[in-house]
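**Student:** Requesting a structural model of the entry that follows:
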Amino acid sequence: MLKNREGAEQANPPVIMEAGGEIQEGGWLVIQQMKLEIEEKTKQLEDQKKNGEQAGSDFSEEIQVLKSENKDLKGEISLMKKKSKEESKEMLERRSAERTGLVSTIALLRKEAEESVNELKLLKDEN
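**Tutor:** Coordinates of the predicted model:
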């Protein structure tokens, strides 16, 4: 059954008789079919729009997740740089202390060597 313009169901759609006597579907039936086609196309477009909005929403959520991960990674990198700087500073201080110790040891050994050379000269002069 089809519905008429007022929305009431109608068992037999109106027909138009052509000059040759053949029965042809009425203009109302053609309009009703066009209306159904338009409604179907509208539903398809709404579904496409809904799917597009859902995809856009998914992308938006993914972008937010990636931004959050990016922020976390930047924080980790910052901490690693800070830790690396602190470790480098500590290593530099240790190496500096080692160098100072080595310089002192060398100076002491040099002094001892000079004293030994002087003792040898004295022994040589005595002989």
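
**Student:** mean confidence for stretch 94-107?
**Tutor:** In this model, stretch 94-107 has a mean pLDDT of 95.

**Student:** can you give me how far it is from the chain middle?
**Tutor:** 50 Å (C-alpha atoms, centre = their mean, to the nearest Å).

**Student:** In that stretch, which of the residues would be classed as buried?
**Tutor:** Buried residues in stretch 94-107, counting neighbours by 16 or more other C-beta atoms under 10 Å, are absent. In short, each C-beta sits where N, CA and C put it, glycine included.

**Student:** For Ser84, give its distance to Lys71.
**Tutor:** 20 Å (C-beta to C-beta, to the nearest Å).

**Student:** whoops, I mixed them up, Phe59
**Tutor:** 19 Å.

**Student:** Please apply the same query to Thr100.
**Tutor:** 43 Å.

**Student:** tell me which strands and helices the helix or strand encompassing Glu39 is in contact with?
**Tutor:** Taking DSSP states H and E as the definition, Glu39 sits inside helix 27-126. Here helix 27-126 touches strand 2-3, going by 3 or more C-beta pairs under 8 Å, 6 or more residues apart in numbering; DSSP states H and E.

**Student:** Repeat the analysis, applying 10 Å as the threshold.
**Tutor:** Applying 3 or more C-beta pairs under 10 Å, 6 or more residues apart in numbering; DSSP states H and E, one finds that helix 27-126 makes contact with strand 2-3, strand 9-10, strand 15-17, strand 23-25.

**Student:** Report the mean per-residue pLDDT for stretch 55-65.
**Tutor:** 80.
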